[in-house]
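Undergrad: how does the following fold in three dimensions:
(2 chains)
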Amino acid sequence: MAIIRTRMGDGHAVSLSPDELRRDLSDGSEQAARRAHIVPLDDADLDRLEELFSHPGRITGVEPGHEVVLTKDGCANTLYSGQMSSGVGVPLAREQGIRVMERAFGFDTMEVGHPDYSFKPAKMLLALEQLSMEQAQLDCVVPLFYGAMPNMGLYFRPDGPFDNPADLLPDGRVEEARSAQLEAAEQLRRDMLYMARGMNDAGADGIDFDTTASAGDAEFLATLQATEEIAATTGIAVEVGMATELVLGFHGELEYAGRRLAGMWPHQQLEVVQAAGAHVFGPAVTTDTGRSSPWNVARACTFVKACTEVAEIPVHANVGMGVGGVPTVEVQPNDVVTRAGVALVEVGGADGL
Amino acid sequence: MGGGDPAGMSLCHALASGMGGIRTAGDLVARMQLRKMRLPQAKRYVADRLGVGLLDLTDSTVMRELRAELDIGVVTGLPGAAKGIAAKARIAELLDVPIPCVGPQ
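TA: Okay, the predicted model is just below:
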């Protein structure tokens, strides 16, 4: 009997029989469908995934003509930064790194991003960030985003000025926790607009809100409000990439365009992101380290397909470490990374990664 | 895309699934996605503007020649070829889209 060598969600190798592979693919898809009340992958989709994981080659790729556009959060930062960002510590300036990603690695777009990659620390350095954007625009041909995370957690004590809901909620101080989140969300919205307007002045092609809603529904609301204003008042594109598949309800009662944000799944997130005027949506589906990669990839494809079947804007699926079926491990295994990307394009129907 | 070491993440996706950037027509299709066009629509638009087939958009041999002919930036270091803003000014005209750093059309 043929044995399929693949990975677990933590990156370690695992061997599956063809029956076990098919069962994991089916179970992963069914789990996503059950949780989000969406349609599971059909037999043709599962056949394609089975073929992909059974392929004996070390790496694989999409069929010619199925190639997609790449956008990259964190961008050239992975060339010069350290372990915390999976960076490889090459002594390159940020601008040099952007050129390497464009000219040596063949990226379709690139980003300028602060090493800390959050709006709160970056806003202090707007003038320097604008200079980097201007210089990169002089040199580069590909579209350039400015990228950063909303990362609302930085606005709470001890890192920021607002009471920390994680301290208030265990004490039952629910209303105070909700107020603190609304205050932080308003400051975050202002910071995102400040940076976006600055980048518009510097000639950026777009702004990438990466890992959106990492601190829950209030962070998502701030991002949607900022998106709406940027889309209405500037000429730059907005990409909204999410943190995970489910918007957590740390506040619980916030709405955008009459829709409750807490508990939204990717296809529902897409609808409000689209309504806010964004140009690209990036669904994220977190990898379960205790399950196999086929299980995780099938699950991710199910969520992403539910988006791409109804999307009016491009959908760029997140396929970085720990999302999109990619293992949660510091140094990425090429076999599963290529298969996850190909699966999200050819089965999930993604317009980009 | 997401985080990860460059050889394990960025390069994997670029080679397995990406359009190829300025080696091909990846940057041009990306510019149309920034106008909210989904992938098939964006590829068709760019192919029509370039006068090539859809498969040519990711054919590095075809696109290397065409990009040099149109002078919209090529991936190799070519003396005298348009670079940076100059290349993008030609791309804005070719695709009939505004590019913010080039200025309004």
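
Undergrad: just give the number of residues close to whatever residue of chain B ends up closest to chain A.
TA: Ranked by C-beta to the nearest C-beta, the top residue of chain B for proximity to chain A is B:G2, at 1.3 Å. No exception for glycine: its C-beta is placed from N, CA and C like everyone else's. B:G2 has 27 neighbours, counted by other C-beta atoms under 10 Å in any protein chain shown.

Undergrad: what does A:E255 give?
TA: For A:E255, the neighbour count with other C-beta under 10 Å is 12.

Undergrad: so for it, what's the pLDDT?
TA: For A:E255, the model assigns a pLDDT of 98.

Undergrad: now whichever residue of the stretch 151-300 of chain A sits closest to chain B. Its backbone dihedrals?
TA: Nearest residue of the stretch 151-300 of chain A to chain B (C-beta to the nearest C-beta) works out as A:G203 at 3.2 Å. Reported as degrees, to the nearest 10, the phi and psi values for A:G203 are phi 90, psi 20.

Undergrad: and what of A:L246?
TA: phi -120, psi 130.

Undergrad: name the nearest residue to it, ignoring sequence neighbours.
TA: A:W265 (6.3 Å; C-beta to C-beta, 6 or more residues apart in numbering or on different chains).

Undergrad: mind listing what B:L94 touches?
TA: Shown in contact with B:L94 (C-beta atoms under 8 Å, 6 or more residues apart in numbering or on different chains): B:28, B:49-50, B:70, B:72.

Undergrad: name the element it belongs to?
TA: helix B:84-95 (DSSP states H and E).

Undergrad: can you dump the C-alpha atoms of stretch B:58-67 in CSV for me?
TA: In CSV, the C-alpha atoms belonging to stretch B:58-67 read as follows (Å, rounded to 0.1, in the frame of the first residue of the first chain):
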residue,chain,number,x,y,z
THR,B,58,3.3,34.3,-16.8
ASP,B,59,5.7,33.3,-19.6
SER,B,60,9.0,34.8,-18.6
THR,B,61,10.4,34.4,-22.1
VAL,B,62,7.5,36.2,-23.8
MET,B,63,7.3,38.9,-21.1
ARG,B,64,11.0,39.6,-21.0
GLU,B,65,11.0,40.6,-24.6
LEU,B,66,7.7,42.4,-24.4
ARG,B,67,8.6,44.4,-21.3
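
Undergrad: in it, what counts as buried?
TA: Residues B:58-59, B:62-64, B:66-67 are the ones in stretch B:58-67 that count as buried (16 or more other C-beta atoms under 10 Å in any protein chain shown).

Undergrad: ditto for stretch A:35-43
TA: A:36, A:38, A:40-41.

Undergrad: could you do stretch A:110-128 as well?
TA: Under 16+ other C-beta under 10 Å, the buried positions of stretch A:110-128 are A:110-114, A:116-120, A:122-123, A:126.

Undergrad: likewise for stretch A:131-149?
TA: Neighbour-count burial for stretch A:131-149 [16+ other C-beta under 10 Å]: A:132-133, A:135-137, A:139-149.

Undergrad: separation between A:V240 and A:G341?
TA: 20 Å (C-beta to C-beta, to the nearest Å).

Undergrad: quick one, which of those two is more surrounded?
TA: Taking other C-beta under 10 Å, A:V240 and A:G341 do not tie; A:G341 has more neighbours (33 against 30).

Undergrad: in chain A, which helix or strand is least confident?
TA: Ranked by mean pLDDT, DSSP states H and E, the helix or strand of chain A with the weakest confidence is helix A:77-80, at a mean of 91.

Undergrad: which secondary structure elements does it contact?
TA: helix A:94-99 (3 or more C-beta pairs under 8 Å, 6 or more residues apart in numbering or on different chains; DSSP states H and E).

Undergrad: just the CA trace of the helix it packs on, in CSV.
TA: Output of helix A:94-99 as CSV, limited to C-alpha atoms (Å, rounded to 0.1, in the frame of the first residue of the first chain):
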residue,chain,number,x,y,z
ARG,A,94,14.9,47.8,4.4
GLU,A,95,15.1,49.5,0.9
GLN,A,96,17.6,47.0,-0.3
GLY,A,97,15.4,44.2,1.0
ILE,A,98,12.5,45.5,-1.0
ARG,A,99,14.6,45.5,-4.2
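
Undergrad: A:V336 belongs to a strand?
TA: No: counting by DSSP: H, G, I helix; E, B strand; the rest coil, A:V336 falls outside a strand, being helix.

Undergrad: in the stretch 251-353 of chain A, what residue is nearest chain B?
TA: For the stretch 251-353 of chain A, C-beta to the nearest C-beta, closest residue to chain B: A:G320, 1.3 Å.

Undergrad: find the nearest non-adjacent residue to that residue, please.
TA: B:G2 (1.3 Å).

Undergrad: quick check, pLDDT for that neighbour.
TA: 84.

Undergrad: what secondary structure does it sit in?
TA: Under three-state DSSP, B:G2 comes out as coil.

Undergrad: tell me who's in contact with the closest residue to A:A311 other than its chain neighbours.
TA: Residue nearest to A:A311 in three dimensions, not counting chain neighbours: A:L270, with 5.9 Å by C-beta to C-beta, 6+ apart. If you count contacts by C-beta under 8 Å, 6+ apart, A:L270 has them with A:281, A:283, A:307, A:310-311, A:315.

Undergrad: rerun that using 7 Å as the cut-off
TA: With contact taken as C-beta atoms under 7 Å, 6 or more residues apart in numbering or on different chains, A:L270 is in contact with A:281, A:307, A:311.

Undergrad: highest neighbour count among the residues you listed?
TA: A:F281 (28 neighbours).

Undergrad: is any residue of the helix or strand hosting that one near chain B?
TA: Using DSSP H and E, the element containing A:F281 is strand A:280-282. Yes: Strand A:280-282 comes into contact with chain B (C-beta under 7 Å from any C-beta of the partner chain), by way of A:V280.

Undergrad: so A:R58, which of the three states?
TA: Here A:R58 is recorded as coil under three-state DSSP.

Undergrad: tell me the buried residues in stretch A:273-293?
TA: A:273-274, A:276-288, A:291-293.
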